[in-house]
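>>> sequence first, then the predicted structure, then my questions.
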Amino acid sequence: MQVYRGMDIGTAKATPTERQEVPHHLLDLADPDERFTVARFREEADGAIAGIERRGRRALLVGGTGLYLQAVVDRLAVPGEWPDVRDELDVQAAATGTEGLHRRLTALDPTAAARIEPTNRRRVVRALEVTLGSGRPFSSFGPGIDAFPATTFRLAGVWLPRAVLNQRIDARLRAQVDAGFVDEAVALEPRMSPTARQALGYKELVDYAAGATTLDDALATAAGRTREFSRRQRMWFRRDPRITWLGTAGDPLALTPALLGNWAK
């Protein structure tokens with residue numbers, strides 16, 4: 001979500017000061033009304049990594065969006081696009097709901113359906129678009145997200161106890177609101193693409209600003225969605241045997257020496 005211009009507070013994007021201290025890449029690549037794809041992300045990441053290596057440096061990839069990271073690390077084959085099919089599916093979704101589309105995906109590609117939350121409209125529509133448009137199951141593209149081939153990347157993960165993680169989620173949301181998250185969400189909402197609208201917290205704060213809920217209830221809902229997302233992250237990454245896990249119940253910054261030591265090998 002940090003690829004979107006203007007989505008700064010809600011995505012915890014690096015500040016201008018932080019970007020002056022350490023070069024950051026793949027930020028602010030698109031306007032919020034654009035549909036940003038995995039294929040474009042991989043292309044941009046490949047270019048950034050090549051440029052860093054040409055300068056005699058090493059790239060440090062940071063993030064928790066599993067599919068996007070794995071697309072870069074494992075060179076996942078990214079299927080094409082069929083806009084006409086997608087438009088038809090969007091119409092169907094409005095009539096039957098996302099769960100109806102998920103049932104259709106289950107019949108056509110049960111493997112892909114099992115990997116996607118039944119309420120995640122964007123991913124369900126994409127899987128159906130590829131399955132119907134290409135004539136082959138969405139899950140058949142590339143080595144698959146369940147394959148973990150040898151890689152030139154060193155992979156490390158930070159593991160926090162769930163209670164600590166939940167506390168940090170709550171504290172971050174409060175800090176984001178204090179920093180102006182509500183105003184940012186309201187200003188961006190009219191021009192957010194379906195992809196951008198998947199960002200956590202924006203919908204809830206727009207609802208609060210519209211008077212549809214209280215701030216406490218909006219934050220509770222956003223925190224719940226974030227905790228669920230973090231649970232899916234843990235499930236995604238713990239499958240990968242190539243990851244070296246570093247755990248702490250305290251400040252994760254304390255893991256920096258171990259993380260950089262692993263990275264420097």
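Yep, that arrived.

>>> what residues go with each domain of this protein?
Here the domain assignment for the chain is 16-76+147-263, 83-140, based on automatic domain parsing.

>>> winner for burial among those?
A comparison of the domains of the chain by mean neighbour count, using mean count of other CB atoms under 10 Å, puts domain 83-140 on top with a mean of 17. For every residue, glycine as well, the C-beta is placed using N, CA and C.

>>> pLDDT of it, averaged?
The pLDDT scores in domain 83-140 average 91.

>>> with just CA atoms, put the longest helix along the chain into PDB.
Using DSSP state H to assign secondary structure, the helix with the most residues in the chain is helix 215-238. The C-alpha coordinates for helix 215-238 follow below in PDB (Å, rounded to 0.1, in the frame of the first residue of the first chain):
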ATOM      1  CA  LEU A 215     -13.900   6.700  17.100                       C
ATOM      2  CA  ASP A 216     -13.400   3.900  19.700                       C
ATOM      3  CA  ASP A 217     -15.600   1.500  17.700                       C
ATOM      4  CA  ALA A 218     -13.800   2.400  14.500                       C
ATOM      5  CA  LEU A 219     -10.400   1.800  16.000                       C
ATOM      6  CA  ALA A 220     -11.600  -1.500  17.500                       C
ATOM      7  CA  THR A 221     -12.800  -2.700  14.100                       C
ATOM      8  CA  ALA A 222      -9.600  -1.500  12.400                       C
ATOM      9  CA  ALA A 223      -7.500  -3.200  15.100                       C
ATOM     10  CA  GLY A 224      -9.400  -6.400  14.700                       C
ATOM     11  CA  ARG A 225      -8.900  -6.400  11.000                       C
ATOM     12  CA  THR A 226      -5.200  -5.700  11.500                       C
ATOM     13  CA  ARG A 227      -4.800  -8.500  14.000                       C
ATOM     14  CA  GLU A 228      -6.500 -10.900  11.600                       C
ATOM     15  CA  PHE A 229      -4.100  -9.700   8.800                       C
ATOM     16  CA  SER A 230      -1.100 -10.300  11.100                       C
ATOM     17  CA  ARG A 231      -2.400 -13.800  11.800                       C
ATOM     18  CA  ARG A 232      -2.500 -14.500   8.100                       C
ATOM     19  CA  GLN A 233       1.000 -13.100   7.700                       C
ATOM     20  CA  ARG A 234       2.300 -15.500  10.300                       C
ATOM     21  CA  MET A 235       0.600 -18.400   8.700                       C
ATOM     22  CA  TRP A 236       2.000 -17.400   5.300                       C
ATOM     23  CA  PHE A 237       5.600 -17.000   6.300                       C
ATOM     24  CA  ARG A 238       5.900 -19.800   8.800                       C
END
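
>>> any chance of the domains of the chain in JSON lines, plus distance to Met7?
Below are the domains of the chain laid out as JSON lines (distance: least, CB to CB, whole Å):
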{"stretch": "domain 16-76+147-263", "distance to Met7": "6"}
{"stretch": "domain 83-140", "distance to Met7": "16"}
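
>>> for the residue sitting nearest the centre point of the chain, give me the pLDDT.
Taking CA atoms, centre = their mean as the criterion, Thr65 is the residue nearest the geometric centre of the chain, at 3.6 Å. Here, the pLDDT recorded for Thr65 equals 85.

>>> one more: the one 5 residues further on?
With respect to pLDDT, Gln70 has a value of 89.

>>> these two touch, right, it and Leu76?
Yes - checked against CB atoms under 8 Å, the pair Gln70 and Leu76 is within contact range at 6.1 Å.

>>> give me the below-cutoff pLDDT ranges for the stretch 151-265 of the chain.
Judged by pLDDT under 70, the stretch 151-265 of the chain has its weakly predicted residues at 265.

>>> which residues of the chain fall in helices?
Listed in chain order (using DSSP H), the helices of the chain are 16-21, 38-54, 66-73, 83-96, 98-108, 110-115, 121-134, 162-178, 181-188, 202-209, 215-238, 256-263.

>>> JSON lines for those helices, including distance to Phe148?
As requested, these are exported to JSON lines (distance: least, CB to CB, whole Å):
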{"stretch": "helix 16-21", "distance to Phe148": "32"}
{"stretch": "helix 38-54", "distance to Phe148": "18"}
{"stretch": "helix 66-73", "distance to Phe148": "9"}
{"stretch": "helix 83-96", "distance to Phe148": "30"}
{"stretch": "helix 98-108", "distance to Phe148": "25"}
{"stretch": "helix 110-115", "distance to Phe148": "15"}
{"stretch": "helix 121-134", "distance to Phe148": "21"}
{"stretch": "helix 162-178", "distance to Phe148": "24"}
{"stretch": "helix 181-188", "distance to Phe148": "36"}
{"stretch": "helix 202-209", "distance to Phe148": "33"}
{"stretch": "helix 215-238", "distance to Phe148": "11"}
{"stretch": "helix 256-263", "distance to Phe148": "17"}
